[in-house]
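S.K.: Predicted model and sequence below, questions to follow.
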Amino acid sequence: MITTEPPRRGRTGSGRGAWTAPVVALLALLALLSGCSALPGSLLPPAPFSLTTSVPPGAVDVAPAEPLVVSATGGQLTSVTVTPALTGTLDPTGTRWTSANLAYGTEYRVQAVGVDERGGPGTPLDRTFRTVDPAQTLEVASIRPTDGQTVGVAMPISITFDAPVTDRAAVERRVSVTTSVPTEGSFRWMSDEQLNWRPKDYWRPGTRVTVDAQLFGVDSGEGLYGAEDRSFSFTVGRDQRARGDVNAHTLVLSQDGQQLRTLPASYGRDIYPTQYGVHVAFEKYEVKRMRSESWGGPAAGTPGFYDEELPYAVRISNNGEFVHVNAATVGQQGRSNVSHGCANLSPADGEFFYHWVQMGDPVEIVGSSRPLTTADGDIADWTIPWEEYRQGSALFDGA
């Protein structure tokens, strides 16, 4: 007897094919529906066209620290005119125009036109604003190092202003330090008038440094606005260091990591000790008049009083400490300390040191009973531990 089995699904055209076709159709339908959620770009409505300025319309007392910026949204700029005449540049996209520096005490009229993304004309812009007319401006009184100078590895950067700065963060934010080799460093306000920057460790020899202070127009607080931009550059020279040991009565000179000379010296006597810590050489005098009215009184002959002209003097702090020649103490040099706080050298050794030392070379004094502090030194940056130094920045965030 012959029997016929019903077809087995999945083995004949009425099996797997019968199930596959509906699934494919369903997937195709889903793809079509999902595609409808995003229309082709040509069908999307264009972005609304608008022109805006970085300065609000009708603004007054605008600080001219930042340039005027005119921006186009949903199209491009075709023309920007500022009265009084103010030049500017258009970026490659045609959507952003940036002016040159604004001036103080000026009313500006800004007119701009553009086209939308389809090339149609957009609503033009026409507005005015006025910059601040300050009663007083903040000027840079001095800089250190000077532009083009070659300095030693311990020289910090110093910008001194002619008036106190109230908004330290606003001013510091506009000052940058660029180095030819990566150098970790920090700003620190030494006073309301003085902003310093030093590396964490001594500079690497050969480093080229550029300081750019974009201070014109900056509101530094209390109605005081920056008068000018200032930039300067300098180079770090040889790695030279001097180490004065007040107990060994020596001044040891090193260059590029190698000991160069050991000079017999006499330092401050116990009552007037040469202060210990990292000093920095920052002034030179072929002949320096040294006069004291603090050691016993102003009259000649009073104990402790002196008034002398001494050769080859190198200032290492702002409290009267020098490395200089003193022929009168040659017999004590290398044996005992008899000065009023200076490092005394023989005529030959003092002349050598004078011509060898660079401004910015560190002069480290050890073995003394009195420390060098920020109150004593014109360059006292190295008396402050690094983490404490960083906290003197107005932009310190604790990181």
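M.R.: Arrived safely.
S.K.: can we go C-alpha only for contacts and neighbour counts from here?
M.R.: OK.
S.K.: show me the contacts for Phe216.
M.R.: Residues near Phe216 by CA atoms under 8 Å, 6 or more residues apart in numbering: Pro64, Ala65, Tyr225, Gly226, Ala227, Glu228, Asp229.
S.K.: Select from these the one having the most neighbours.
M.R.: The residue in these with the most neighbours, by other CA atoms under 10 Å, is Tyr225 (27 neighbours).
S.K.: re the thing from before, which of the contacts of Phe216 lies closest to Tyr354?
M.R.: Asp229 (35.1 Å; CA to CA).
S.K.: Tell me the pLDDT of the closest one.
M.R.: Looking at Asp229, its pLDDT is 97.
S.K.: right, and it touches Gln214 too?
M.R.: Yes. Asp229 lies in contact with Gln214 (CA atoms under 8 Å); the separation is 4.6 Å.
S.K.: Run a quick neighbour tally on Val211.
M.R.: 19.
S.K.: any idea whether the closest residue to it other than its chain neighbours is helix, strand or coil?
M.R.: With CA to CA, 6 or more residues apart in numbering as the criterion, Val211 has its nearest non-adjacent residue at 4.7 Å, and that residue is Val177. With DSSP: H, G, I helix; E, B strand; the rest coil as the basis, Val177 sits in strand.
S.K.: got the contact list for Val177?
M.R.: Counted by CA under 8 Å, 6+ apart, Val177 has contacts Val209, Thr210, Val211, Asp212.
S.K.: Quick check: the second one touching Val175?
M.R.: This means Thr210. No. Here Thr210 does not reach Val175: they are 10.6 Å apart, not a contact under CA under 8 Å.
S.K.: before we move on, the earlier item: just the closest of the contacts of Phe216 to Gly392, please.
M.R.: Distance to Gly392 across these (CA to CA) is lowest for Gly226, with 21.5 Å.
S.K.: so the closest one touches Asp219, yeah?
M.R.: Yes. Counting by CA under 8 Å, Gly226 touches Asp219, with 6.7 Å between them.
S.K.: Tell me the buried residues in stretch 175-192?
M.R.: Buried residues in stretch 175-192, counted by 16 or more other CA atoms under 10 Å: Val175, Val177, Thr183, Gly185, Ser186, Phe187, Arg188, Trp189, Met190.
S.K.: What of stretch 136-154?
M.R.: Buried, per 16+ other CA under 10 Å, within stretch 136-154: Thr137, Leu138, Glu139, Val140, Ile143, Arg144, Pro145, Thr150, Val151, Gly152, Val153, Ala154.
S.K.: again, but for stretch 107-126
M.R.: Residues of stretch 107-126 classed as buried by neighbour count (16+ other CA under 10 Å): 107-117, 122, 125.
S.K.: Show me which pair in those is furthest apart.
M.R.: Going by CA to CA, the pair spanning the buried residues of stretch 107-126 furthest: Glu107 and Glu117, at 32.3 Å.
S.K.: Give me the nearest residue to Val171, chain neighbours excluded.
M.R.: Among residues not flanking Val171 along the chain, Ser220 sits closest, at 6.1 Å (CA to CA, 6+ apart).
S.K.: ah, wrong one, I meant Val323
M.R.: Ala343 (4.6 Å).
S.K.: can you map out the strands along the stretch 51-200 of the chain?
M.R.: 69-73, 75-83, 88-90, 96-99, 107-116, 125-130, 136-138, 140-144, 150-151, 157-161, 175-179, 185-189, 194-199 (DSSP state E, counting those that start in this stretch).
S.K.: could you redo those strands as TSV and give each row mean pLDDT and distance to Asn247?
M.R.: Below are these laid out as TSV (pLDDT from 0 to 100; distance: least, CA to CA, whole Å):
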stretch	mean pLDDT	distance to Asn247
strand 69-73	97	65
strand 75-83	97	71
strand 88-90	97	65
strand 96-99	98	63
strand 107-116	97	69
strand 125-130	98	66
strand 136-138	96	47
strand 140-144	97	33
strand 150-151	98	29
strand 157-161	98	32
strand 175-179	98	39
strand 185-189	98	33
strand 194-199	98	30
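S.K.: Looking at those, which is nearest to His249?
M.R.: strand 150-151 (27.0 Å).
S.K.: Which strands or helices does that closest one pack on?
M.R.: strand 230-236 (3 or more CA pairs under 8 Å, 6 or more residues apart in numbering; DSSP states H and E).
S.K.: Let me see the mean pLDDT of the helix or strand following the strand it packs on.
M.R.: Sequence order places strand 240-245 as the next helix or strand after strand 230-236, per DSSP states H and E. Here strand 240-245 scores 98 as its mean pLDDT.
S.K.: Ser50 pairs with what?
M.R.: Thr73 (DSSP bridges).
S.K.: go on, Thr179?
M.R.: Applying DSSP bridges, one finds that Thr179 bridges with Val209.
S.K.: And Thr235, by the same measure?
M.R.: According to DSSP bridges, beta-bridge pairing links Thr235 with Thr150, Arg208.
S.K.: Model confidence score at it, please.
M.R.: With respect to pLDDT, Thr235 scores 98.
S.K.: tell me the contacts of it?
M.R.: Residues near Thr235 by CA under 8 Å, 6+ apart: Gly148, Gln149, Thr150, Val151, Gly206, Thr207, Arg208, Val209.
S.K.: Contacts only, for the third one.
M.R.: The one in question is Thr150. Thr150 neighbours (CA under 8 Å, 6+ apart): Phe234, Thr235, Val236, Gly237, Gln358, Met359.
S.K.: If you rank these by neighbours, which is first?
M.R.: Neighbour-wise, the contacts of Thr150 (other CA under 10 Å) top out at Gln358, 26 neighbours.
S.K.: Just confirm that one is within a helix.
M.R.: No. Counting by three-state DSSP, Gln358 is not found in a helix; it is coil.
S.K.: so it touches Gly152, yeah?
M.R.: Yes. Using CA under 8 Å, Gln358 is in contact with Gly152, at 5.6 Å.
S.K.: Find residues that contact each of those two.
M.R.: With CA under 8 Å, 6+ apart as the test, Gln358 and Gly152 both reach Gln240.
S.K.: Fine, thanks again, bye for now.
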